[in-house]
Structures are given as structure tokens and as C-alpha cells.
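Engineer: build me a model from this:
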Amino acid sequence: MDKSKSNVKSFLVSTADFAFYVNDMLACTGTANLNTSLEVSMQEQAINGGKYNQLQYSFLYQRELSATLEAANWDLKYIAANVGSTITEGLTDVYKIEECVDIVNGIGKVASTPVGNVAVMLPDGNLIEVTPTGSTIDVSKNVKDGMVKATYRYNTIARTVTIDADTTPSLGKLVLDADRHDNKLGKVGSVQIIVPSYQLTGNFSISFSADGVTSTNLDGKALAVAGDKCTDGSAIYAYIKEFDMTKSATSVTDIAATPAVMNLTVNEEKTISVKGLKGGMYAPVELDNADCKFATEAAGTATVETTGVVRGVTAGETYVTVTYGEHTDVVKVKVTEA
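Structural biologist: Residues are numbered from 1 along each chain as shown. Take a look at the predicted model:
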């Protein structure tokens, strides 16, 4: 037993970073988040009966996975994802609100060229409408010298997201990345949660307060999709993957090299696959051939490379021994003429 690993406890700390993909293209990322949390829930149907209506069975069904993502930073891509829209960029109308304008001899000049009339707030608080000439306004009928405030529309290049009534929120893949620490070394690795099909709810708020910062939510739910492999099942919501900062040998109780019998013709090549057996709650793990050693008993019959690639040389039979740490397995190799 490795004493350095005894009594070590792992912890997931702080918030996670996220990446959201739409059609396998990165749509947005979040690395300044206030909250990134997942909740898995199930419905329960209690079966009661007998004396005193005892609980006889609990039928659990309808598992769902939902996520709450709250980003502290402002990013227009978050809004576009929530409304299922795209970001357009080009000339458009925007507004100046109560721009301070100095008036000399009844004439003033605003910072931008207005589109349409300019609303001018006079020093006494009254509002008048002025038709500008270029960026010049004439308020000589009301003000000789002084200062006024102008509100007007003008044209500039801006990025725009349209919130319409028809589009649906974006559907894509969500990746969460959190830091994993232990009580001896600090940060030792990461935990990533990958949701292959993440449907945004489209619910968000933009809140402006005098002493606050606007945050944006990208909340959603996982949709059931087929797994990457048959062993994953026909309907999955997410994968939770834990890995270390530095690569280390995978701890196994035994190994299994496949195929057990490899049939080759002369000059044909095939690769040995090695799985590690861990027991308990663990499924067999695919080992990296670079971490294994391969040796053939008869190189004149079949050769084997360090990558586990076996090549038939002449007709006959031989054995390839696979070693991973202290564990070994053997593959029988049969070579026939092409």
C-alpha cells in the first residue's frame, strides 16, 4: 500500500469554469462565475400497505439533471445563447441621454451627428425640440449663454442581439471544469462534467443596481441522448470525469489483453488492446499501450512494436507477452500465408 496516499481526502473547491458548444463549435465560455451547480432529481412513488400502512416499496423514476450557471462578467454571447439568436454587427441607431452641451450666443454643438430632432433640457428644466444642422443646435430663442442637456438618436457601429418572440434557446454541449484538491498537496487535478445535450431554459434577467454588478444566467436541463459506447446505455445525461494534473500509472488489480487469439496473414498488422481490471464499482479501463511492455517469443513468426502493433512475418504460431507494472497477460498469435 502506498502510504503517501493513506488518509488522503479529496475536495471540489470554488466555482467551475464552463464552455458551451453549439453544433460542435464553441459558442461561449465562462471563467468568472458566481455559481455553477448541478442538481440531479428523481420522482418517487411510494407503495404503502399492510397494517399501519407501512412502506412496502419505493418506485423511483424520472431522473432529471438541471444546471445553474451564473456568470459575473458581461458577455453578449450569453444573451445570444439564451435567446437562440446570433450577434450582428454594423451601423445602427443608438441614443445619447442628457449630454452636456455648452451654449455660446445661443449655439451649441453635440458630440455626434443626430438622426432626427434633438430634445434639449433647458436650465429651467423645460424641454424643447430642436432640429439640428449637422451636429449644431440653435437654442438662441431660449438660452443666450450657459449649459443645456441634449438627448438624441445617432448612428454608430454596434453589436446587436435581437430578443424576438419566435426563436428557442440554444441547444448544445456543456462542459464544466472544477479544481480538485486534497488535504495533503492542495490542487491535484480536475473534475469535468460533460453534458452532451444541454438545453438552455432561456430564462435570464438583466438587473442594474447602484451598488451592484449585473450577472447573467445560462440555466438549463440535460436531454437524454445515446451514450458514446454501448456500455454507457441507450440514454445518458452526463459524464463525470476525474483526472490528475500529472499523468500517473492507473492502479489495477489485473490486466486483460485482447484479442486473446490474434489471426494474421504474412505482412498483416493488428494492434493489441489492453484493459485494466479494477474491481468493485469500477468498470474495466482502457490502458495506454505506451505504458505497457510487449515481447514476442518468436520474432521470426511475428514481431511486436512498443505500441502493441503485431506484424505477421512467416506462417506459424507464437505468443506475445503483455506487461503492465506487475501484471502480465498473453496473446496467442497465428500467422498464415496470405
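
Engineer: how near is Thr29 to Asp177?
Structural biologist: According to C-beta to C-beta, to the nearest Å, Thr29 and Asp177 sit 10 Å apart. (C-beta placed from N, C-alpha, C; glycine too.)

Engineer: between those two, which contacts overlap?
Structural biologist: Here Thr29 and Asp177 have Asp17, Phe18, Ala19 as joint contacts, going by C-beta atoms under 8 Å, 6 or more residues apart in numbering.

Engineer: gap between the first one and Val330?
Structural biologist: Spelled out, that is Asp17. With C-beta to C-beta as the criterion, Asp17 and Val330 are 45 Å apart.

Engineer: so for those two, which residue has more residues nearby?
Structural biologist: Asp17 (17 against 12; other C-beta atoms under 10 Å).

Engineer: quick one, domains of this protein?
Structural biologist: The record's domain split for the chain, according to automatic domain parsing, is 8-44+60-84+166-243, 90-160, 254-336.

Engineer: dump those into a markdown table; add distance to Asn53 and mean pLDDT as well.
Structural biologist: Converted to a markdown table, these look like this (distance: least, C-beta to C-beta, whole Å; pLDDT from 0 to 100):
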| stretch | distance to Asn53 | mean pLDDT |
| --- | --- | --- |
| domain 8-44+60-84+166-243 | 16 | 93 |
| domain 90-160 | 61 | 96 |
| domain 254-336 | 35 | 93 |
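
Engineer: and Gly16, how far is that from Leu200?
Structural biologist: To be clear, residue 16 is Ala; Gly isn't right here. 17 Å.

Engineer: and the two? which has more neighbours close in?
Structural biologist: Leu200 (26 against 23).

Engineer: which residues does that one form beta bridges with?
Structural biologist: For Leu200, the beta-bridge partners are Gly220 (DSSP bridges).

Engineer: against Thr88, how distant is it?
Structural biologist: Counting by C-beta to C-beta, the gap from Leu200 to Thr88 is 20 Å.

Engineer: using the three-state scheme, assign Met262.
Structural biologist: Using DSSP: H, G, I helix; E, B strand; the rest coil, the structure places Met262 in strand.

Engineer: next one: Thr231
Structural biologist: helix.

Engineer: that one reaches Val285, doesn't it?
Structural biologist: No: Thr231 lies out of contact with Val285 (C-beta atoms under 8 Å); the separation is 11.9 Å.

Engineer: the more surrounded of these two?
Structural biologist: Val285 (14 against 8).

Engineer: just to revisit the earlier point, tell me the one of the shared contacts of Thr29 and Asp177 nearest Val310?
Structural biologist: Ala19 (39.3 Å; C-beta to C-beta).

Engineer: what sits against the closest one?
Structural biologist: Ala19 touches Leu26, Cys28, Thr29, Gly30, Leu174, Val175, Asp177, counting by C-beta under 8 Å, 6+ apart.

Engineer: I'd like the distance between the most far-flung residue of the chain relative to its centre and Leu127.
Structural biologist: The C-alpha centroid of the chain is most remote from Lys141, which lies 61.0 Å away (C-alpha atoms, centre = their mean). Lys141 sits 14 Å away from Leu127, taking C-beta to C-beta as the criterion.

Engineer: what's the neighbour count on Ala256?
Structural biologist: The number of residues packed near Ala256 is 16, by other C-beta under 10 Å.

Engineer: if we go by neighbour counts, what in the helix or strand it falls within is buried?
Structural biologist: Element membership for Ala256, per DSSP states H and E: strand 254-258. Neighbour counts over strand 254-258 (16 or more other C-beta atoms under 10 Å) mark Ile255, Ala256, Ala257 as buried.

Engineer: and stretch 282-296, by the same measure?
Structural biologist: Here stretch 282-296 shows Leu287, Asn289, Cys292, Phe294, Thr296 as buried, counting by 16+ other C-beta under 10 Å.

Engineer: swap in stretch 113-126?
Structural biologist: Buried-residue list, stretch 113-126, by 16+ other C-beta under 10 Å: Pro114, Val118, Ala119, Val120, Leu122.
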